[in-house]
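K.L.:
Fold the following.
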Amino acid sequence: MALNNSQNIQTVPGNGTSIASGTGKRKLGKKIPAPVSARPAKKQAAGGPREILFKELPNPYQQPVPPYIWIDHPVQKEKLFGPTYVIRLGVGGAEAVELSIDKGAWLPCRLTSGYWWFDWSAIAPGKHQLVARMKATDGRWFRTPPCQCDYRP
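P.N.:
Residues are numbered from 1 along each chain as shown. Below is the predicted model:
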């Protein structure tokens, strides 16, 4: 049974199909792109590599599959109690890891005991934003969402 143009066509959000009202038959419509939040965000850093935002949260009940990157410590909105702090990053499948503090330059991290670390010293009082990025073994770059922390002496 063919649908004519006089029937009311209704778009169903999210699945890319159209349904003809009153006929019970589906007519394929124009593909609707996935919402922006469902797609990995790609960012071209000024003069730097193209980065993929890694938003997956760690799951303590499941072994992560590389590539992955998380800022383990400090946790989001953690209050720091001293002018030095060792930042721990959970990373898998990386050949290089870097950290940016308050949108500053990318600083190299070190690999020890299965984690990547950054020794942060001379922390200025106030709120800070941390972002980590990694270069995967296949050449892609991934970065974390910003992690906020606060140091009040």
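K.L.:
Can you name the next helix or strand after the longest strand along the chain?
P.N.:
The residue-count maximum for a strand in the chain (DSSP state E) belongs to strand 126-136. Elements were assigned by DSSP states H and E; along the chain past strand 126-136, the next helix or strand is strand 141-143.
K.L.:
helices or strands up against the helix or strand following that following strand?
P.N.:
Toward the C-terminal end, the helix or strand that comes next after strand 141-143 (DSSP H and E) is strand 147-151. Contacts defined by 3 or more Cβ pairs under 8 Å, 6 or more residues apart in numbering; DSSP states H and E place strand 147-151 against strand 78-80, strand 126-136. Using the backbone N, CA and C atoms, a C-beta is placed for each residue, glycine as well.
K.L.:
buried residues in strand 147-151?
P.N.:
In terms of neighbour count (16 or more other Cβ atoms under 10 Å), strand 147-151 has its buried residues at Cys147, Cys149, Tyr151.
K.L.:
now stretch 69-78
P.N.:
Neighbour-count burial for stretch 69-78, with 16+ other Cβ under 10 Å as criterion, is recorded at Ile69, Trp70, Ile71, His73, Pro74.
K.L.:
can you check stretch 134-153 too?
P.N.:
Of the residues in stretch 134-153, those with enough neighbours to count as buried (16+ other Cβ under 10 Å) are Met134, Lys135, Ala136, Trp141, Phe142, Arg143, Thr144, Cys147, Cys149, Tyr151.
K.L.:
and what of stretch 103-110?
P.N.:
Of the residues in stretch 103-110, Trp106, Cys109 count as buried by neighbour count, 16+ other Cβ under 10 Å.
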